[in-house]
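**Student:** Sharing a model prediction with you, sequence too.
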Amino acid sequence: MPSSVMPTPKRADGHTSPAAVSTTGLRKSYGDKTVLDGVDLHIPAGSVFALLGPNGAGKTTVVKILSTLITADGGQARVAGHDIAASPEGVRAAIGVTGQFSAVDGLITGEENMLLMADLHHLSRSGGRRVAAELLERFDLVEAAKKPASTYSGGMKRRLDIAMTLVGDPRIIFLDEPTTGLDPRSRHNMWQIIRELVTDGVTVFLTTQYLEEADQLADRIAVLNNGRIAAEGTAEELKRLIPGGHVRLRFSDPAAYRNATLALREVTRDDEALSLQISSDGSQRELRSLLDRLDSAGIEADELTVHTPDLDDVFFALTGGTDTDQPKETAR
């Protein structure tokens, strides 16, 4: 599958959207292993961006570089308008980071975790208590606030983790596989939290191993493979990169089925089900052309369904299916 990179999003006036995060030629190696080999990204402010890739593809490395936890070997990056090399303090003041593993201290209460974070952000005692109380309420943790965090469920710990991240009022949040290990209900609750953050104007940089998660949340998605961005675009743009899309027509009248078979070219027949399958990218233009051909022949199908490749297909086509641990889970 050839690499394909979608164009940078543009505003209605034709100018490039302001970037919350941008990278050019980002490189990182560990010994003789190249992890990142020239990564270019442009993430508009106030959006959700999802970075997908096999385990070990370098997703966490990208997050660590952009959050100034490690340095890149080459390339440039700007986060919240700050160059990560020249102004790491400015970057850290503008971001929040939630890693794959919870930063919650289980030996103290949820409220104490929040107040500790407020102290780290140098908030006043009264200001820290006010922010902690607001966030505990927002994340539905008030009843559990006085209990040791070790007693929290996985979903509660994740909510507390993100609440702690928000104490500093970051405008950009890096969520590195935030729902790994959560049950489906907790995962969906986390999705709603992420949507609310974006509604508030926060930019979310999300890495995930759940393809459904990217499909549900992300405005734009990039697939990282062998240290490079294999493709980038909206979920629908990425799905159109992969062959296999088709339209299925089903008939109840055998005569209409036969006439459609004659009127349409290059169809796959199912005589038992009285259905036809026609290759299509699912675009409005192709559907209109198909319907026009049926109308001109006086044929009406009982059912028309459009089938397009999903992010599972995109992922495995772009990465060669190299990650056997990658969950195959998408919205149907």
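**Tutor:** Sure, I can see it.

**Student:** Walk me through the domains of this structure.
**Tutor:** When the chain is parsed with automatic domain parsing, its domains come out as 4-104+152-239, 246-307.

**Student:** okay, those domains in CSV with distance to Glu112, mean neighbour count and mean pLDDT next?
**Tutor:** In this view, the C-beta of every residue, glycine as well, is placed from N, C-alpha and C. Output for the domains of the chain, formatted as CSV (distance: least, Cβ to Cβ, whole Å; neighbours: other Cβ atoms under 10 Å; pLDDT from 0 to 100):
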stretch, distance to Glu112, mean neighbour count, mean pLDDT
domain 4-104+152-239, 10, 19, 88
domain 246-307, 52, 15, 90
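
**Student:** Select the longest helix from the chain.
**Tutor:** helix 184-199 (DSSP state H).

**Student:** The helix or strand just after that helix: partners in the sheet, and parallel or antiparallel?
**Tutor:** Next helix or strand after helix 184-199 toward the C-terminus (DSSP states H and E): strand 203-207. Sheet pairing of strand 203-207 (DSSP bridges) gives strand 48-52 (parallel), strand 172-176 (parallel).

**Student:** And the helix or strand that strand 203-207 is followed by, what does it pack against?
**Tutor:** Sequence order places helix 211-217 as the next helix or strand after strand 203-207, per DSSP H and E. In terms of contacts (3 or more Cβ pairs under 8 Å, 6 or more residues apart in numbering; DSSP states H and E), helix 211-217 is packed against strand 48-52, helix 184-199, strand 203-207, helix 311-319.

**Student:** just checking, Glu232 is part of a helix?
**Tutor:** No - using DSSP: H, G, I helix; E, B strand; the rest coil, the assignment for Glu232 is strand, not a helix.

**Student:** beta partners of it?
**Tutor:** Val5, Ala222.

**Student:** Hmm, it is touching Leu224, no?
**Tutor:** No - using Cβ atoms under 8 Å, Glu232 is not in contact with Leu224; the gap is 9.6 Å.

**Student:** and the gap between Phe315 and Thr208?
**Tutor:** Going from Phe315 to Thr208 by Cβ to Cβ, to the nearest Å gives 11 Å.

**Student:** Now do the shared contacts for these two.
**Tutor:** Contact criterion Cβ atoms under 8 Å, 6 or more residues apart in numbering; residues shared by Phe315 and Thr208: Leu52.

**Student:** residues contacting the nearest residue to Leu197 once chain neighbours are set aside?
**Tutor:** Spatial nearest neighbour of Leu197, chain neighbours left out: Val204 (6.0 Å); criterion: Cβ to Cβ, 6 or more residues apart in numbering. By Cβ under 8 Å, 6+ apart, the contact set of Val204 is Ser47, Val48, Phe49, Ile172, Ile173, Leu175, Ile194, Leu197, Val198, Leu217.
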